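In: Okay, here's the prediction I keep looking at, along with the sequence it came from:
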Amino acid sequence: MTSPIYIIGSSNTDMVVKSGRLPAPGETILGGTFFMNAGGKGANQAVAAARLGGNVSLIANLGDDLFGRQAHTQFHKEGINTDFITFDTAHPSGVALITVDAQGENCIAVAPGANGNLTPDLLRTFFNFIASPAIVLVQLEIPITTVEFIIEQCSALSIPIIVNPAPANKILDDVWKHVFVITPNETEAELLTGIRIVDDDSARKAAQAFHQKGIKNVVITLGKRGAYWSDNMSDGFVAAPSVSVVDTTAAGDCFSGALAVALAEKKSLAQAVKFASVSASISVTRMGAQASLPSRKEVDTILHLNP
Ligand code: RIB
């Protein structure tokens, strides 16, 4: 049986300029194209998981404004359960300003708005409702004290939690031992372990540092090189399919959402990482955050050709 997936996190509207290169501090560059897209790490992960066939609920705090209502309508269209979404009359919806260069690399500044007001108090009804079997997925675009509360609640309820530590931030050392899977990229892994990932050996060392904190499973995304996984007894590297990159925005979100779907379907960690790598590799071939996220059919087609 597939477990329901509960994704707790942010929702933003992304204002994106695609340009030849990223501007330097103090510099204005001309010539880019503008897009306005649905984004936010939590919402992106929820949409990714829903498109890949997950039974998904999003728990988020939206501004009581046009952007918030547009996002809410879109979640319904994606088949996401919105019963635990709240509307905040005191804070606007989150907005992200994104520049994407010709190689698909980005730089992002986020005004969190209502996301920054997703407090433990707003989650109490949800934690009275949720029961095993379930999987929770959370990122760090909401207050860190809320993330720590979520991890502790999941531990008390014996619900496995996946933590995508993005954007990079520190969490209280005490709570790591309750984390079922962590999904950092190389930068986030370095911030949290102090180990710079430059090759296979340093990826293994960073994973061991996470295991020493008590985290059961570690999946480090390595950009176009793919991903490394370790469950502390076995480990492996999964190569990413070679693709033509247009925009890397939300690739990490796609990866974590897909990983949650695969684990909810009881796939092994190695199989789940492969499923997530293929999903993320499709997302980077298209512009935008939620706009770029693949369907299950697209992912299954590639997996069928490259088992
Ligand atoms: O991970 C990509 C996301 O980061 C964007 O959609 C933007 O909203 C920021 O949250």
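Out: Received the coordinates, thanks.
In: Is Ala105 in contact with Gly20, as I believe?
Out: In this structure residue 105 is Glu, not Ala. No. The pair formed by Glu105 and Gly20 falls short of the contact definition of CB atoms under 8 Å, at 11.7 Å. C-beta: built from backbone N, CA, C; applies to glycine.
In: Compare those two and say which is more crowded by neighbours.
Out: Between Glu105 and Gly20, Glu105 has the larger neighbour count (other CB atoms under 10 Å), namely 15 against 11.
In: where does the more buried one land on pLDDT?
Out: We have a pLDDT of 92 for Glu105.
In: just Ala131 next, same as before
Out: With respect to pLDDT, Ala131 scores 88.
In: Spatially central residue for this structure, please.
Out: For the chain, the residue sitting closest to the mean C-alpha position, by CA atoms, centre = their mean, is Asp253 at 3.1 Å.
In: What pLDDT does the model give that one?
Out: On the pLDDT scale, Asp253 is placed at 98.
In: What's the separation between it and Leu172?
Out: Using CB to CB, to the nearest Å, Asp253 is found at 24 Å from Leu172.
In: Can you tell me the number of residues neighbouring the residue in the stretch 101-250 of the chain positioned nearest to the ligand?
Out: The ligand sits closest to Ala250 of the stretch 101-250 of the chain, with a gap of 4.5 Å, by CB to the nearest ligand atom. Each residue near Ala250 was counted by other CB under 10 Å, and the total is 32.
In: Going along the chain from the one helix or strand Thr146 maps to, find the next helix or strand for me.
Out: In the assignment (DSSP states H and E), Thr146 maps to helix 144-156. Sequence order places strand 161-164 as the next helix or strand after helix 144-156, per DSSP H and E.
In: Tell me the pLDDT of the nearest residue in space to Ile151 that is not next to it in sequence.
Out: Leaving aside its sequence neighbours, Ile151 sits nearest to Val175 (CB to CB, 6 or more residues apart in numbering; 4.6 Å). In this prediction, Val175 carries a pLDDT score of 97.
In: pretty sure Val175 is in contact with Gln153, am I right?
Out: No. Applying CB under 8 Å as the test, Val175 and Gln153 come out as separate, 10.7 Å apart.
In: residues in the protein within reach of the ligand, list them.
Out: Residues of the chain found near the ligand, taking CB under 6 Å from any ligand atom as the criterion, are 10, 12, 14, 39-41, 44, 96, 108, 110, 141, 249-250, 252-253, 289.
In: hmm, try it at 8 Å
Out: Listed as neighbours of the ligand in the chain under the rule CB under 8 Å from any ligand atom: 10, 12-14, 37-41, 43-44, 94, 96, 98, 106, 108, 110, 141, 166-167, 249-253, 289-290.
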